[in-house]
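Novice: Predicted structure and sequence below. I'll ask about it afterward.
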Amino acid sequence: MTDMTASHAALEPSRSDKFRQRTVPLILFAVVLLVIPLFNPSRSMVTLLNHMGITIVFALSYNMLLGRAGLLSFGHAVYMGLGGYFAVHVMNWIAEGTGIWGSVPMFSMPAFGFGAGALAGAVIGWPSCRRAGTPFAMISLGVAELVAAAGFMFDSLFGGEMGISGDRMNGPELFGLSLGPVDEVYWFIAFWTFIGVLGTYAFTRTPLGKLSEATRDNPERVEFVGYSPQRVRYLVFIFAGAFAGMAGGMSAVQDEIFTPENLSLIPSGAILIATYVGGIRYFTGPIMGAIVMTYMGSNLSDYTAGWLLYLGLMFVCVVMFLPDGIAGIVYGTADTIRQGRAGEMWRTWMLRLVGLALVGAAIITIVEVAFRWSDGYGEVFEPFGLQLTVENPLTWVIGILSLVLGILALRRAAKGGGK
Amino acid sequence: METLVFALLNGAIYGLLLFMLSSGLTLIFSMMGVLNFAHASFYMLGAYLAFTITEGTSFWIALFLAPVLVGGVGMLVERYGLRKVHAQGHVAELLFTFGLAYLIDELVKIFWGRTAVNYRVPEILDFPLFTLYGAQYPAYRIFILFVAAFMLVALWYLLKKTRAGLIIQAALSHPHMVGSLGHNVPLIFMTVFGAGCALAGLAGVIGGNYFVTDPAMAVQMGPIVFVVVVVGGLGSLEGAFVAAMLIGLLQTSAISINASLADIFGFIGLGADTELGEITIASMAPMLPFLLLVLILMIRPRGLMGDREV
């Protein structure tokens, strides 16, 4: 017995390890948030950053369910939406300024969203958390459809198709921020994003957070130890709903509007994709996924009409070949470098990159040409001055040849080739 | 009486179409444990392929060719996609089909455009068959009824009276045992997946011109098909049939009821001018299947006739 305790103590990370692994990343994150405005980003860039912050919190809350507790939800946007709707209502009460509402600062909206999300999670989670797996996924789908339909029905609460809008320039100011210009909203978003990251990270360190992982892996054993998996799931669900509601409160201040569309399956699906592509097995995965997806969502849609197709392709490829997502690549690479196998890895990576570039070029060519052909406006896809039309044989050479070559290169890389 | 008869007829047709869609999904779900999110996308694919084939040749060729093509696509998806993901567990499989649904939606938009295509009922069937209570009843609906009934009988015969059906039924509940007995279970999976997709494609061929053929049809139909499968119960085609008819009748009859909540709950003081009282039963019709889904999963998780829990 003494042997076991001794080895147990030896297994525990040292103080400096804890500091390096847990505190330093958070400090770095805070520093990044503080440094960004020094680069004088443009207004549209700040808006993009704000949306990234909102999506980060939303994705982290979603990963409390999917990655940590193993609960696949198709309706997580319901909680962000309800939290956000409540925040918009509060914003309007502040604008009226009657009674206690006159002294509520606009800065606190995410806290109201947090409360509303937790309440929604507590009400809806009660029937849905009894079992995990497919039944949970199905109930979440049904509930999302019901809530979205109700959103279009009760106009006084949800504002019909037009939604409800608010005005963030009301109420007392906090930290000297009027929240009028976007750069002031940036500080608001940065503050709450940090709180969200800190909160969701702290949650993973609590006994409940640890138990939720145990419930994901083996609910039966959790029950033998004396805990109720149902109860663990329910509590995690409430917290996930709360943090989603917080993201809703942030979004309410940033965009000043919420529509029933925000409750529907579309944003729920989007956050599922962002979280999974980022990597659900790592705490930082959803953060990476949120940044990449928000960036792609706002920029790719300017370049191509087919960005949803690329998104779908990317998602399917991640599910099939990269179940650990972007974070898996990042940490996998870091591990190999630490083990001193960098040289070997670079060769595989070069091959993989060549393969990816070839496959990517092929797919982009085919998709872009196909899109222009189906529009029928006679537009021509002209990358680097090439006139790629449906009739041009070069189109098909690029399309098919590089696809085949790329797949061959990727297969070789997958077999550990490159030597 | 008039509304009741029409609601029953239309509900039965809608229910049969739903069953055609969900029968394949039930087989796939019970056998492989995969709730195929892309199933309704195969239904959409069937409708669009039928539209293209009809333009080139005729509706009757499309009626046979389109489901076969869709079934082929389904088999390829199972062989080169799902089977790969299978090792990573059910969540990965579910996510794969979820992404696939996205992809098929976008591909359909590339090939056939973002707006509805003009997929019409064939002229030979475009006439009123009989007159009921002064209203004409289109022949095409009765045609749907016949195709669906034919499919129902064929499926029943195949599963219950042939040796292949026996093996499939065994693989539904005990795939490992069937494999141990020397049957090629992956091949069975692929065939059933393809056949299920072909059935969805057939539903698309005859449903696409009954409703509208547009890129949103998969998103509209998909969740309802899930409801049918879950409410019907795992591994039970009979359950799927009952659930499909139930939902078909429920939805079509709800649409034809004009009463509002205030008319029904007026006795407990719900006013007609309040927001809750204004809601009509007809406007609640799209919500009913999901209400049923949540209630069934809460009260009876194995569905109406399922042999085990989802």
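Specialist: That came through fine. Residues are numbered from 1 along each chain as shown, chains lettered A, B, ... in the order given.
Novice: Tell me how far the closest residue to residue A:66 other than its chain neighbours lies from residue A:328.
Specialist: Sequence neighbours aside, residue A:280 is the residue nearest to residue A:66 in space, at 5.4 Å (criterion: CB to CB, 6 or more residues apart in numbering or on different chains). Quick note: C-beta positions are derived from backbone N, CA and C, even for glycine. Distance, residue A:280 to residue A:328, using CB to CB, to the nearest Å: 10 Å.
Novice: And residue A:219, by the same measure?
Specialist: 25 Å.
Novice: next one: residue B:283
Specialist: To residue A:328, residue B:283 is 46 Å away according to CB to CB.
Novice: ok, now residue B:224?
Specialist: From residue B:224 to residue A:328 the distance is 36 Å (CB to CB).
Novice: Number of residues surrounding residue A:348?
Specialist: Neighbour count for residue A:348, taken as other CB atoms under 10 Å in any protein chain shown: 19.
Novice: tell me the SS of it?
Specialist: helix (DSSP: H, G, I helix; E, B strand; the rest coil).
Novice: thought residue A:367 was touching residue A:305?
Specialist: No - at 9.6 Å, residue A:367 does not count as touching residue A:305 under the criterion of CB atoms under 8 Å.
Novice: So which of these two has more stuff around it?
Specialist: Neighbour count, other CB under 10 Å: between residue A:367 and residue A:305, residue A:367 has more, with 22 against 17.
Novice: The more buried one - nearest residue in space that isn't next to it in sequence?
Specialist: Going by CB to CB, 6+ apart, residue A:367 has residue A:306 as its nearest residue, at 5.0 Å.
Novice: and the one you found, what does it touch?
Specialist: A:367, A:368, A:371, B:106, B:110 (CB atoms under 8 Å, 6 or more residues apart in numbering or on different chains).
Novice: so who does the residue positioned nearest the centre of chain A touch?
Specialist: When CA atoms, centre = their mean is applied to chain A, the residue found nearest the centroid is residue A:59 (3.0 Å). By CB under 8 Å, 6+ apart, the contact set of residue A:59 is A:271, A:274, A:275, A:278, A:286, A:287, A:289, A:290.
Novice: Columns neighbour count, distance to chain B and pLDDT on top of those, output as a markdown table?
Specialist: Shown next, in a markdown table, are the contacts of residue A:59 (neighbours: other CB atoms under 10 Å in any protein chain shown; distance: CB to the nearest CB, whole Å; pLDDT from 0 to 100):
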| residue | neighbour count | distance to chain B | pLDDT |
| --- | --- | --- | --- |
| A:271 | 26 | 13 | 92 |
| A:274 | 29 | 13 | 91 |
| A:275 | 28 | 11 | 92 |
| A:278 | 29 | 13 | 91 |
| A:286 | 34 | 15 | 93 |
| A:287 | 26 | 20 | 93 |
| A:289 | 29 | 13 | 92 |
| A:290 | 29 | 17 | 92 |
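Novice: element containing residue 231?
Specialist: Let's take chain A. Using DSSP states H and E, residue A:231 falls within helix A:229-255.
Novice: my bad, chain B
Specialist: According to DSSP H and E, residue B:231 maps onto helix B:217-232.
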